[in-house]
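Engineer: the following comprises the amino acid sequence and a computationally predicted model.
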Amino acid sequence: MPRAIDQWWRYPGYAFRVLGSEKSFRKNPVIGNPRFNELGLHRERVRLAAGMAAYRRRLLGVSVSAAEREAFQRDGFVIRENALPADVFQRIRDYLKNEPLPAREMRQGQTVTRMTPINRNALGKLPDLARFSNDPSIAGLIRYVGGIGGDPVYFIQTVIAEPAIQEADPQTALHADTFHSSSKAWLFLDDVGPDDGPFVFVPGSHRLTEKRLEWEYRQSLVASADGRTHHAEGSFRITPEELSTLGDFTPRKVVVSANTLVVADTYAFHSRAVSHRHTVRVELHAYHRGNPFAPLPLSATALVPGLRDRRLDIFLALSDRKAKRDGRIPTWRDVGACTAYSEPHI
Ligand SMILES: [Fe+2]
């Protein structure tokens, strides 16, 4: 193991990060260590994280309706129709169709994802966005589904499928985002039909069963050497055959009308459906992840005034600096100001 000899001083850091949300079997040689995982390191992280999420969820559930709690317990996701008042929704859609805002883009095979941060600049130009990013009922649901306290990160997301480009999109394979509950939310600005490259979700696959735990254990023994990059980095891919051994699961296309909010626990298996035609899907999006082992649903970022709406900008600035230092193009490329519905720039 030349890495152990050359970089021994890094090991305390690798070991410390086992106590947090770090997930990569390839980048963290402690998390990816087959011997440690044979002894149950990954399995116990999964088990403990699920227990803590269930505990925090009991506290977070007080701000969620009984019907939405029930939907989550059953399916692992919640669908809320007519999520915004019709006039607010209409103004947001009209603005995003016509007015440019500073954006970033990332390409994964035939899919381009555009991220338009909902920061002070965007909120200043379109105050209606706060009805999404500052709504206690939406934030409460996102926290409950992810089983994590604190503030989600909000942005406008555009997903553009270009089937003419014959390259696979890694997000079209069924996967769990990481080894613990976390949540993502999408408020769709347009109807999403079965052929519009909808979100695919496996209802009920958010539950940690003995079979799932055993599957996690088996993956952990070999994940660090797996040829599938995302799998090796801790976002486990699962084949339909493997899924059928874990229980009676049927993947479902989440077909929705405009102004529907979907909030999902991304520990459940999910994917993007392959799009066979050119599609542009625009959503108000939230991403929420935290330390899976935190005992209480609190937020460290809430302690710093003004940080809440700037976290994404800070993250992007740091990523740009790191990419520049490493002499590579940043993952999220700055494409200047453009409308959310425009065609890709990369
Ligand atoms: Fe995912």
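Structural biologist: Noted; the coordinates are in hand.
Engineer: flag the shaky bits of the stretch 1-150 of the chain, pLDDT-wise.
Structural biologist: Scanning the stretch 1-150 of the chain for pLDDT under 70 picks out 1-6.
Engineer: could you pull out the helices for it?
Structural biologist: 2-6, 11-16, 34-38, 41-60, 66-75, 86-98, 120-125, 130-133, 136-146 (DSSP state H, counting those that start in this stretch).
Engineer: then the stretch 151-300 of the chain?
Structural biologist: Counting by DSSP H, counting those that start in this stretch, the helices of the stretch 151-300 of the chain are 210-222, 229-232, 240-246.
Engineer: related to what we said a few turns ago, which one of the helices of the stretch 1-150 of the chain lies nearest to residue 304?
Structural biologist: helix 120-125 (14.9 Å; CB to CB). For the C-beta atoms, the positions are set from N, CA and C on the backbone; glycine is no exception.
Engineer: in PDB, list the C-alpha atoms belonging to that closest one.
Structural biologist: Coordinates of each C-alpha in helix 120-125 appear next as PDB, following Å, rounded to 0.1, in the frame of the first residue of the first chain:
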ATOM      1  CA  ARG A 120     -29.400  38.000  -2.600                       C
ATOM      2  CA  ASN A 121     -29.000  39.100  -6.200                       C
ATOM      3  CA  ALA A 122     -31.800  36.700  -7.500                       C
ATOM      4  CA  LEU A 123     -34.000  37.500  -4.500                       C
ATOM      5  CA  GLY A 124     -33.600  41.200  -5.100                       C
ATOM      6  CA  LYS A 125     -34.600  40.900  -8.700                       C
END
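Engineer: what separation is there between the nearest residue to residue 166 once chain neighbours are set aside and residue 84?
Structural biologist: Excluding its sequence neighbours, the residue lying closest to residue 166 (CB to CB, 6 or more residues apart in numbering) is residue 110, at 7.4 Å. Shown here: residue 110 relative to residue 84, a distance of 31 Å by CB to CB, to the nearest Å.
Engineer: ok, back up a step: need the helices of the stretch 1-150 of the chain in TSV with distance to residue 224, can you?
Structural biologist: Output for the helices of the stretch 1-150 of the chain, formatted as TSV (distance: least, CB to CB, whole Å):
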stretch	distance to residue 224
helix 2-6	11
helix 11-16	12
helix 34-38	7
helix 41-60	11
helix 66-75	32
helix 86-98	42
helix 120-125	40
helix 130-133	37
helix 136-146	26
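Engineer: looking at those helices, which is buried most?
Structural biologist: Ranked by mean neighbour count under mean count of other CB atoms under 10 Å, the helices of the stretch 1-150 of the chain are led by helix 136-146, which reaches a mean of 23.
Engineer: would you format the helices of the stretch 151-300 of the chain as a markdown table with distance to residue 71, mean pLDDT and mean neighbour count included?
Structural biologist: Listed next are the helices of the stretch 151-300 of the chain as a markdown table, based on distance: least, CB to CB, whole Å; pLDDT from 0 to 100; neighbours: other CB atoms under 10 Å:
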| stretch | distance to residue 71 | mean pLDDT | mean neighbour count |
| --- | --- | --- | --- |
| helix 210-222 | 20 | 97 | 16 |
| helix 229-232 | 28 | 95 | 17 |
| helix 240-246 | 21 | 96 | 13 |
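Engineer: so which of these is nearest residue 121?
Structural biologist: Between residue 121 and the helices of the stretch 151-300 of the chain, the tightest spacing by CB to CB is seen for helix 229-232, at 31.9 Å.
Engineer: what's the span of stretch 58-73 from first residue to last?
Structural biologist: 12 Å (CA to CA, to the nearest Å).
Engineer: could you do stretch 104-112 as well?
Structural biologist: End-to-end distance for stretch 104-112: 10 Å, by CA to CA.
Engineer: what does it rub up against?
Structural biologist: Contact with stretch 104-112 is made by 113-117, 158-171, 272, 275, 316, 331-335, 344-346, as judged by CB atoms under 8 Å, 6 or more residues apart in numbering.
Engineer: give the buried residues for that stretch.
Structural biologist: Buried residues in stretch 104-112, counting neighbours by 16 or more other CB atoms under 10 Å, are found at 104-105, 107-108, 110-112.
Engineer: which of those residues lies closest to residue 250?
Structural biologist: Nearest to residue 250 out of these is residue 111 (CB to CB; 24.3 Å).
Engineer: what residues are bridge-paired with the closest one?
Structural biologist: residue 108, residue 161 (DSSP bridges).
Engineer: and the gap between it and residue 278?
Structural biologist: The gap separating residue 111 from residue 278 is 11 Å, by CB to CB.
Engineer: now the common contact residues for those two.
Structural biologist: Shared contacts of residue 111 and residue 278, defined by CB under 8 Å, 6+ apart, comprise 160-162.
Engineer: how about the contacts made by residue 271?
Structural biologist: Contact analysis of residue 271 by CB under 8 Å, 6+ apart lists 171-175, 199-200, 251.
Engineer: repeat the analysis, applying 6 Å as the threshold.
Structural biologist: 172-174, 200 (CB atoms under 6 Å, 6 or more residues apart in numbering).
Engineer: in the stretch 151-300 of the chain, where is pLDDT below threshold?
Structural biologist: In the stretch 151-300 of the chain, no residues with pLDDT under 70.
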